[in-house]
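Participant: Structural data only, the sequence is not supplied:
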């Protein structure tokens with residue numbers, strides 16, 4: 001029964017995922033899995049289905065799930081390229097870990113993820129029904145809908161990702177004639193970007209965007225925003241366009257409240273301006289990145305950072321104002337907002 005449930009959930013999720021991500025870049029985790037899977041098959045028989053290298057293993061590597069032990073002590077959290085290099089040099093044995101063992105360490109499963117997605121789908125279905133029946137809904141529901149769409153897509157893409165794994169899998173150093181630093185560059189570990197008090201957050205984000213190299217990787221753990229993975233130009237473009245599309249969708253959903261009733265004219269005007277800001281500023285930032293990223297002139301670099309800084313300030317401010325308006329508009333709602341769709345009362349609530 002459990003297997004049938006998982007198969008039933010996997011098919012629509014895979015179809016949904018392929019709709020939002022192009023074929024060549026269907027999943028970076030799958031791309032990462034190819035060299036590992038080839039090496040893995042050299043150590044384990046292909047007939048052993050339990051030991052196949054999966055997308056879950058790739059997520060586990062990116063999460064910092066493999067810890068290198070030297071002389072019985074934790075020495076280094078291995079990146080994906082570190083594992084490949086040490087395997088080629090025969091300094092470590094291939095980590096034998098099944099997908100089920102990784103899932104056993106995860107704090108989430110198909111049931112918990114499925115219930116969350118079912119709740120999100122239930123909420124979206126109610127709002128869709130209210131729109132068809134021409135019943136009014138509140139600005140708070142519009143904001144919740146925007147987060148629900150992002151939440152649904154995140155769960156679909158991260159369906160095979162382990163959740164909140166606390167203990168890494170040990171990988172033991174077996175070479176007696178060399179040390180890990182002979183093959184792994186540790187110069188950028190345990191260093192943070194020189195951005196003052198904003199280094200823990202802004203440093204990794206800047207590195208992920210690909211502006212310039214900012215060391216954020218740590219020795220014994222992976223940062224929350226890990227920018228250590230080096231991507232090609234085409235991969236960066238795909239990620240930036242995907243982020244731009246999601247930000248546009250998120251802001252566009254807030255624009256659905258454009259004709260809504262507000263308590264005052266000032267609140268209506270403020271909502272419309274802020275909704276346009278969070279929809280348009282990602283495009284402004286992307287334009288600046290695409291236009292001035294490779295520019296060498298000091299004036300253009302200054303213009304690039306100025307546009308980026310203004311975009312970030314506008315976006316954060318607009319998001320904060322919209323969040324405040326979602327709650328302040330609840331003080332005086334139209335009568336239609338209190339009406340419920342008839343058939344909803346006949347369906348058990350989650």
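Facilitator: Received, thanks. These numbers come from a predicted model, not from an experiment.
Participant: can you map out the strands along the chain?
Facilitator: Along the chain, counting by DSSP state E, strands occupy 66-70, 73-77, 169-172.
Participant: Give me the buried stretch members for the last one, please.
Facilitator: Buried residues in strand 169-172, defined by neighbour count with 16 or more other CB atoms under 10 Å: 169, 171. Bear in mind the C-beta positions are built from the backbone N, C-alpha and C, glycine included.
Participant: least reliable of the strands of the chain going by mean pLDDT?
Facilitator: With a mean of 85, strand 73-77 has the lowest mean pLDDT of those.
Participant: Buried ones in that strand, by neighbour count?
Facilitator: Quick answer for strand 73-77 (16+ other CB under 10 Å): 75, 76, 77.
Participant: Distance to residue 54 added to the residues you listed, as TSV?
Facilitator: Converted to TSV, the buried residues of strand 73-77 look like this (distance: CB to CB, whole Å):
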residue	distance to residue 54
75	27
76	24
77	21
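Participant: Quick check: which of the strands of the chain is nearest to residue 314?
Facilitator: strand 73-77 (36.8 Å; CB to CB).
Participant: So which elements touch that closest one?
Facilitator: With contacts defined as 3 or more CB pairs under 8 Å, 6 or more residues apart in numbering; DSSP states H and E, the packing partners of strand 73-77 are strand 66-70.
Participant: follow-up on the earlier one: kindly indicate which of the buried residues of strand 73-77 lies nearest residue 266.
Facilitator: residue 77 (51.6 Å).
Participant: beta partners for the closest one?
Facilitator: Beta-bridge partners recorded for residue 77 (DSSP bridges): residue 67.
Participant: Verify the stated contact: it with residue 69.
Facilitator: No - counting by CB atoms under 8 Å, residue 77 does not reach residue 69; the two are 11.2 Å apart.
Participant: Surely residue 92 is in contact with residue 170?
Facilitator: No - applying CB under 8 Å as the test, residue 92 and residue 170 come out as separate, 10.4 Å apart.
Participant: First-to-last residue distance for stretch 89-99?
Facilitator: 26 Å (CA to CA, to the nearest Å).
Participant: where in the stretch 251-350 of the chain is pLDDT low?
Facilitator: In the prediction, the stretch 251-350 of the chain carries residues with pLDDT under 70 at positions 292-300, 343-350.
Participant: For it, which segments are assigned as helices?
Facilitator: 265-292, 298-328 (DSSP state H, counting those that start in this stretch).
Participant: Could you do the stretch 101-250 of the chain as well?
Facilitator: Under DSSP H, counting those that start in this stretch, the stretch 101-250 of the chain gives helices at 110-132, 139-157, 199-209, 233-254.
Participant: Now do the shortest one, average pLDDT.
Facilitator: For helix 199-209, the per-residue pLDDT values average out at 60.
Participant: Among the helices of the stretch 251-350 of the chain, show me which one is buried the most.
Facilitator: The highest mean neighbour count among the helices of the stretch 251-350 of the chain, using mean count of other CB atoms under 10 Å, belongs to helix 265-292: a mean of 17.
Participant: Packing partners of that helix?
Facilitator: Against helix 265-292 (3+ CB pairs under 8 Å, 6+ apart) you get helix 233-254, helix 298-328.
Participant: thinking again about what came up before, so can I have CSV of the helices of the stretch 251-350 of the chain showing distance to residue 140?
Facilitator: Converted to CSV, the helices of the stretch 251-350 of the chain look like this (distance: least, CB to CB, whole Å):
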stretch, distance to residue 140
helix 265-292, 12
helix 298-328, 4
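Participant: so which of these gets nearest residue 256?
Facilitator: Per CB to CB, nearest to residue 256 of the helices of the stretch 251-350 of the chain: helix 265-292, 8.8 Å.
Participant: That closest one to helix 298-328, inter-axis angle?
Facilitator: Put simply, helix 265-292 runs at 150 degrees to helix 298-328, going by axes from the mean of the first three to the mean of the last three CA atoms, to 10 degrees.
Participant: Could you check the angle helix 265-292 makes with helix 139-157?
Facilitator: Using the same axes, to 10 degrees: helix 265-292 against helix 139-157 is 30 degrees.
Participant: what about residue 257, distance to residue 124?
Facilitator: According to CB to CB, to the nearest Å, residue 257 stands 16 Å off from residue 124.
Participant: nope, residue 161 is what I meant
Facilitator: 23 Å.
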